[in-house]
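1. Just the structure for this:
(one chain, ligands or ions: 1)
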Amino acid sequence: MRGLTRRTFLAGASAAAAGVTVGPWVLRSMAQGAPVKIGLVLPYTGVYAVLGESITQGMELVFARENWTVAGRKVEMIKEDDEMKPPVGIRKTEKLIDGDNVDILTGPVHSGILMGMRDKVHNSKTILIVSNAGADAISRERCSRWIFRTSFSNWQPNQPMGGWVAKNVAKDVFITAPNYQAGKDQLGAFKETFVPAGGKLVGEDYPKLGETDYAPYLTKIKQSGAKAVYAFFSGTDAVNFVKQYDDFGLKQSIKLTGAGFLTEPDVLPAQGKSALGVITGHFYTPQLDSPTNRKFVTDFKAKFNNKTPDGFACQGYDTAEVIVRALKAVSGNTRDKDRLVDAIAKVEFDSPRGRFRFDPKTHNVIQPFIYVREVKEVSGGLDNVPIDKIANVTDPGTGCTLPA
Ligand code: BEZ
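-> Sure thing, here's the model as predicted:
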């Protein structure tokens, strides 16, 4: 009888004793005393494995603070490795929804996997809180009442950077990113403001996701006449690109800039001095000087072997914080999904990144700031130091009616 309240158990038992068929409503209400099941579809292997690990740790920090119990219900995380492969991610999503009957789903990291999961989530009315994948379409034509995003749309960290780079770094720029949806979204957003600000694209290239030898691409960059490069790479791609860029001798002559993922603390130790001076745009840096962020950095380091939290850890933290606050608002009732969705939409709190709130039009987080950051030596090693910021960056998705 673990997980059932005495009242719901008796309701079911007396109905059965009276010869009444125990309907799904009784079974569902009996489940109310059971753990809240949260399914995670994340990469724990492959190019983005470090991202999956940071997101998970950020969530664990919050749930541990709550003693893994919210509104009287235990919290259970069911982790599935999507292996960075869309068919695997979709299969794991189906398993979590149909097999484990999760109350809330979170993840993924990879935009292609998010697009593949979208219809299953929407049609089954499963609440998904996207904790990384930035596919712009999810805040636009593929939005859903059942989908929220605590991380970013791919547009958000990049659109402000186009104008900034044209104004402050160079007009002749080569752009590059992995050849899949996130790469196309992110560079597309950069171009939106770069070209109108007088920027000239001298080249554009899309190596495969998981490329290990960037030499042919670096040769093209060298021959392009670029004065700067703008790049989106993450995980092991970011380590390889930034190190090879330096080894190839480009770092001194062609300024390297990009989306924040390029130099997050998950990859900075492996990049070492090759990352010094790289300029990127992102919604977070552990350098932010607020009480909430200082506590987050201290608690995260204490729990995870002195590891510095990155933006992905902040995304995991915010995802869990949203879940905790919404569950409390509905007194732990995950049965009434409409009420839970409305409670999630209303959540607001001080996050390590600043004031956290969702855009009601899209269910995508409004970024309090996109920080322009430069990798510098700080006490304790290298970090992304803010040098400028752009406030209230909201994805332009407007046509979304969040259909049920
Ligand atoms: C994406 O696929 O959406 C993504 C992956 C890594 C970092 C940022 C975005």
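2. Any idea how far apart the tips of stretch 62-74 sit?
-> 13 Å (Cα to Cα, to the nearest Å).
3. Around the ligand, pick out the residues from the stretch 101-250 of the chain.
-> Contacts of the stretch 101-250 of the chain with the ligand, taken as Cβ under 6 Å from any ligand atom, map to 109-111, 133-135, 154, 182, 234. Heads up, the C-betas are built off the backbone N, CA and C, glycines and all.
4. which ones among these are found in helices?
-> 111, 182 (DSSP state H).
5. Quick check: the farthest pair among the residues of the stretch 101-250 of the chain next to the ligand?
-> Ala135 and Ser234 (14.3 Å; Cβ to Cβ).
6. Which helix in this structure has the most residues?
-> Longest helix in the chain, counting residues (DSSP H): helix 311-329.
7. Go through it and flag the buried ones.
-> For helix 311-329, a neighbour-count test (16 or more other Cβ atoms under 10 Å) marks 311-327, 329 as buried.
8. Mind jotting down where the helices sit in the stretch 151-300 of the chain?
-> For the stretch 151-300 of the chain, applying DSSP state H, counting those that start in this stretch gives helices covering 155-168, 181-194, 215-223, 235-247, 268-271, 291-303.
9. got CSV for those helices, with mean pLDDT and mean neighbour count too?
-> Below are the helices of the stretch 151-300 of the chain laid out as CSV (pLDDT from 0 to 100; neighbours: other Cβ atoms under 10 Å):
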stretch, mean pLDDT, mean neighbour count
helix 155-168, 98, 23
helix 181-194, 98, 23
helix 215-223, 98, 15
helix 235-247, 98, 22
helix 268-271, 97, 18
helix 291-303, 98, 16
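10. Including distance to Asp388, could those go into CSV?
-> Formatted as CSV, the helices of the stretch 151-300 of the chain follow (distance: least, Cβ to Cβ, whole Å):
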stretch, distance to Asp388
helix 155-168, 7
helix 181-194, 14
helix 215-223, 25
helix 235-247, 21
helix 268-271, 20
helix 291-303, 18
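11. follow-up on the earlier one: now do the longest helix of the chain and helix 291-303, the angle between them.
-> On the basis of axes from the mean of the first three to the mean of the last three Cα atoms, to 10 degrees, helix 311-329 is oriented at 110 degrees to helix 291-303.
12. angle of helix 311-329 against helix 235-247?
-> Relative orientation of helix 311-329 versus helix 235-247 (the same axes, to 10 degrees): 150 degrees.
13. helices or strands next to helix 311-329 in the packing?
-> Using 3 or more Cβ pairs under 8 Å, 6 or more residues apart in numbering; DSSP states H and E as the contact test, the elements touching helix 311-329 are strand 36-42, helix 49-65, strand 69-70, strand 127-130, helix 291-303, helix 337-346, strand 348-351, strand 354-357.
14. if you compare these, which one is most tucked away?
-> For the helices and strands packed on helix 311-329, the largest average neighbour count (mean count of other Cβ atoms under 10 Å) is found in strand 127-130, namely a mean of 27.
15. Off-centre distance for whichever helix or strand comes after that strand?
-> As assigned by DSSP states H and E, the chain's next helix or strand after strand 127-130 is strand 147-149. How far strand 147-149 lies from its chain's middle: 10 Å, per Cα atoms, centre = their mean, to the nearest Å.
16. and of the helices and strands packed on helix 311-329, who's closest to Ile370?
-> Comparing the helices and strands packed on helix 311-329 by Cβ to Cβ, strand 354-357 comes nearest, at 10.9 Å.
17. Ramachandran coordinates for the most centrally placed residue in the chain?
-> Taking Cα atoms, centre = their mean, the centroid of the chain lies closest to Asn132, which sits 1.9 Å from it. For Asn132, the backbone dihedrals (degrees, to the nearest 10) come out as phi -160, psi -70.
18. Quick check: it touching Gln315?
-> Yes. At 6.0 Å, Asn132 counts as touching Gln315 under the criterion of Cβ atoms under 8 Å.
19. Find residues that contact each of those two.
-> Common neighbours of Asn132 and Gln315, using Cβ atoms under 8 Å, 6 or more residues apart in numbering, are 55, 151.
20. residues contacting Ala329?
-> Contacts here follow Cβ under 8 Å, 6+ apart; on that basis Ala329 touches 343, 346-347.
21. same thing with Ser139?
-> By Cβ under 8 Å, 6+ apart, the residues touching Ser139 are 149, 153, 155, 359, 362-364, 395, 397, 400.
22. change it to 10 Å
-> Contacts for Ser139 (Cβ atoms under 10 Å, 6 or more residues apart in numbering) come out as 130, 147, 149, 152-156, 359, 361-365, 394-398, 400.
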